[in-house]
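# I need the structure of the sequence given here:
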Amino acid sequence: MLSLHTLQKVMQPPESPFETPNEDGWEFVEARLGFALPDDYKKFINCYGTGAVDRFLWVLNPFSENKHLNLFESSGIQLQTLRQLRDEFGEHIPYAVFPNPNGIFPWAITDNGDVLYWVCDGLPSNWLIVVNESRGPRWREYGLTTTDFLTKVITKELFVDVFPEDFPSESPAFVPAD
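Next comes the predicted model:
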């Protein structure tokens, strides 16, 4: 397992991250959600705040005031969309949808509309990552932690076929939201 430290070496965090939690912020978030989040995701938000990986992949932040980047607001929309696609349009969703047991829960989105989910099964540190392409049926599963996934994607050690070929760039950077 890679670490946040490894990610920081390949993608410099902002000097002053935007929209990070206060002392008891994570307790409030997890109480509101009703479940614990992966520790490396929380450390990522603490270190990077709100923004995008290489101006393309946006990690949802429960402390963001932007409803499109806020974990609560955006996840609610994404989960409702999945339920609607499944229930009203008969689309096959190969995973249970949160809050069902072992359901998927969104943690990141891309500019193309792809959604990255955790499969909330077992300990948060062991949750799988699932990527669903925008406007398409492809689902890709990765047995990596949040920061391991991000590190492998930006170092091009991992190719995610639903992402565009030009992501990440040759010099990936984290761009804080403004």
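
# distance of the residue nearest to residue 154 when sequence neighbours are not counted from residue 83?
In this structure, residue 154 finds its nearest non-sequential neighbour in residue 172, 4.3 Å apart by Cβ to Cβ, 6 or more residues apart in numbering. For glycine as for every other residue, the C-beta is placed from the backbone atoms N, C-alpha and C. When distance is defined by Cβ to Cβ, to the nearest Å, residue 172 is 34 Å away from residue 83.

# next one: phi and psi at residue 59?
Main-chain dihedrals, residue 59, degrees, to the nearest 10: phi -80, psi 120.

# now do residue 75
Recorded main-chain torsions at residue 75 are phi -60, psi -40, according to degrees, to the nearest 10.

# same check on the one 3 residues further on?
According to degrees, to the nearest 10, the main-chain angles of residue 78 amount to phi -60, psi -40.

# residues touching it, list them.
For residue 78, the residues meeting the contact criterion (Cβ atoms under 8 Å, 6 or more residues apart in numbering) are 106, 109, 115.

# again, only this time at 7 Å
Contact analysis of residue 78 by Cβ atoms under 7 Å, 6 or more residues apart in numbering lists 106, 115.

# ditto for residue 63
Counting by Cβ under 7 Å, 6+ apart, residue 63 makes contact with 19, 20, 21, 25.

# biggest separation within the residues you listed, which pair?
Comparing every pair within the contacts of residue 63 by Cβ to Cβ identifies 19 and 25 as the most remote, at 10.1 Å.

# looking at the two, which is more packed in?
Residue environment comparison for residue 19 versus residue 25 gives the larger neighbour count to residue 19, 18 against 15, counting by other Cβ atoms under 10 Å.

# contact partners for that one?
Residues in contact with residue 19, defined by Cβ under 7 Å, 6+ apart, are 49, 50, 61, 63, 64, 65.
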